[in-house]
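Asks: task: produce atomic coordinates for the following.
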Amino acid sequence: MADQKKLAIIATKGTLDWAYPPFILASTAAALGYDVQIFFTFYGLQLVKKNLKLKVSPLGNPGMPMPMGMDKWFPVLGTALPGMESIMTAMMKAKMKAKGVASLEDLRELCQEAEVKFVACQMTVDLFDMNPSDFISGLEFGGAATFFEFAGESDVCLYI
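Replies: As a prediction, this is how the structure comes out:
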């Protein structure tokens, strides 16, 4: 449809907390009738691997709310201690489950069912010597020109 709105998203982050926005926004836009494409590049390629092993990194993430008011009294350097990443990841997963937030796998599948187009950056795949067989099915591979072809006609373009 010529009058169908388009949403283009560039997903560049590969942590658990940064994985949700592209899938939530894409699935919502698709439900609203948008034609949607997500271009996964650099660390964002972690989001389209078959086996998701994403973590939360509290280091360098000062906006992250911490339990027990830790963000007020716990030194930022303390987030670099061994095991903190695993602790924060477990806490984030538990909180999301308790609040009924869909899993990343479910959101990703919902996007695919809604015909959101997933494009992996071929240059990044080559740069990091990634194996295309490590990625989910239905993923297309293309370069920046592939993204611009779609994004150039999009109504909304997001960099996440």
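Asks: quick check: the most centrally placed residue in the chain vs residue 10, distance?
Replies: What sits nearest the mean C-alpha location of the chain, by C-alpha atoms, centre = their mean, is residue 19, with 2.8 Å. For residue 19, the distance to residue 10 (C-beta to C-beta, to the nearest Å) stands at 14 Å. The way it works is simple: take the backbone N, C-alpha and C, and place the C-beta from them, glycine included.
Asks: confirm that residue 38 sits in a helix.
Replies: No. According to DSSP: H, G, I helix; E, B strand; the rest coil, residue 38 belongs to no helix; its state is strand.
Asks: what about it, how many residues nearby?
Replies: Neighbourhood size, residue 38 [other C-beta atoms under 10 Å]: 26.
Asks: going forward can the numbers begin at 255, since that is how I track them
Replies: In the new count, where the first residue is 255, that last one comes out as residue 292.
Asks: return the residues in contact with the nearest residue to it once chain neighbours are set aside.
Replies: Computed as C-beta to C-beta, 6 or more residues apart in numbering, the closest residue to residue 292 that is not its neighbour in sequence is residue 263, at 4.6 Å. By C-beta atoms under 8 Å, 6 or more residues apart in numbering, the residues touching residue 263 are 276, 279-280, 290-293, 411-414.
Asks: buried ones in stretch 354-362, by neighbour count?
Replies: Under the neighbour-count criterion of 16 or more other C-beta atoms under 10 Å, stretch 354-362 has 358, 361-362 buried.
Asks: so where's the protein shaky on pLDDT?
Replies: Scanning the chain with the threshold set as pLDDT under 70 gives 255-256, 312-335.
Asks: that one: strands as residue ranges?
Replies: In the chain, the strands defined using DSSP state E lie at 260-265, 289-294, 371-375, 394-396, 410-413.
Asks: okay, those in CSV with distance to residue 341 next?
Replies: Converted to CSV, the strands of the chain look like this (distance: least, C-beta to C-beta, whole Å):
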stretch, distance to residue 341
strand 260-265, 26
strand 289-294, 28
strand 371-375, 31
strand 394-396, 36
strand 410-413, 30
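Asks: of those strands, which is nearest residue 349?
Replies: Among these, strand 260-265 comes nearest to residue 349, with 22.3 Å by C-beta to C-beta.
Asks: that closest one: partners in the sheet, and parallel or antiparallel?
Replies: strand 289-294 (parallel), strand 410-413 (parallel) (DSSP bridges).
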